[in-house]
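**Q** Pasting the sequence and the predicted coordinates here, then a few questions.
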Amino acid sequence: MLHTLTHIRNFWRKAANYCFLRAAALTLTLLLAGCATSRDPKQPTAKEPFPIDALVLLSAPAAVDVDGNPGPDGIAVRIFGTSQAKTRALAFETGALEVLMFDGIINEQTPASAKPLHAWTNTIAELKPLAVKTALGVSYPLTLLWGKDRPTQDVITIAARYIAPNGRAIYSAPSTIPVGNPRPR
């Protein structure tokens, strides 16, 4: 009987070692398989940055007074460039970013066809030092002065326009900002 118990004990030890070896081999196989992943087609290579396909323009609720003289003389905005492939706003790597100011109220379809009262154009080199990382991604806070192009109406409409390297223009939704009583020209 003692011989039978020893035989059974040895059997279970060998079985346990065998199961351990199989489990270890399976785990190692799964770990190594996880190391060899194929490139996700949505993930760009270093030469293919994520394309900006939408703009978000946030503005101060009113025009700003920067020079200390009575009356507003500019606007404060924050611009985000977004991509359907990413959850956070992206840095502008190529192209140019413009902010367009229109005298009065315009509708959403008008920015592409209306003539702006003033336009601010920023190259990527000018934007790079202004980039701020936020919880929503990279944004660009800008304070823009309109100089001699003062509005004549009590409100202005602004829109951001990103011009991609291929020439395609992407517009943000327009935003209307009260300017109060504009200064005389």
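**A** It's in.
**Q** Show the model's pLDDT score for residue 109.
**A** The per-residue pLDDT reported for residue 109 equals 70.
**Q** any idea whether it is helix, strand or coil?
**A** Using DSSP: H, G, I helix; E, B strand; the rest coil, the three-state assignment for residue 109 comes out as coil.
**Q** neighbours around it, how many?
**A** When neighbours are defined as other C-beta atoms under 10 Å, residue 109 has 10 of them. Backbone N, C-alpha and C define where each C-beta goes, glycine included.
**Q** Please tell me how far it sits from residue 171.
**A** Computed with C-beta to C-beta, to the nearest Å, the distance linking residue 109 and residue 171 is 10 Å.
**Q** Spatially central, which residue of the protein would that be?
**A** Within the chain, the residue whose C-alpha comes closest to the C-alpha centroid is residue 89; the distance, by C-alpha atoms, centre = their mean, is 1.4 Å.
**Q** check contacts around that residue.
**A** Residues near residue 89 by C-beta atoms under 8 Å, 6 or more residues apart in numbering: 56, 80, 81, 82, 134, 136, 137, 138, 139.
**Q** and of those residues, the nearest to residue 179?
**A** Minimum separation from residue 179 among the contacts of residue 89 (C-beta to C-beta) is found for residue 56, which lies at 22.3 Å.
**Q** Kindly confirm my reading that the closest one is in a helix.
**A** No - assessed with three-state DSSP, residue 56 is strand; it does not lie in a helix.
**Q** What's the local residue count around it?
**A** By the measure other C-beta under 10 Å, the count of residues near residue 56 is 16.
**Q** That one: what's it in contact with?
**A** Residue 56 makes contact with 79, 80, 82, 89, 172 under the criterion C-beta under 8 Å, 6+ apart.
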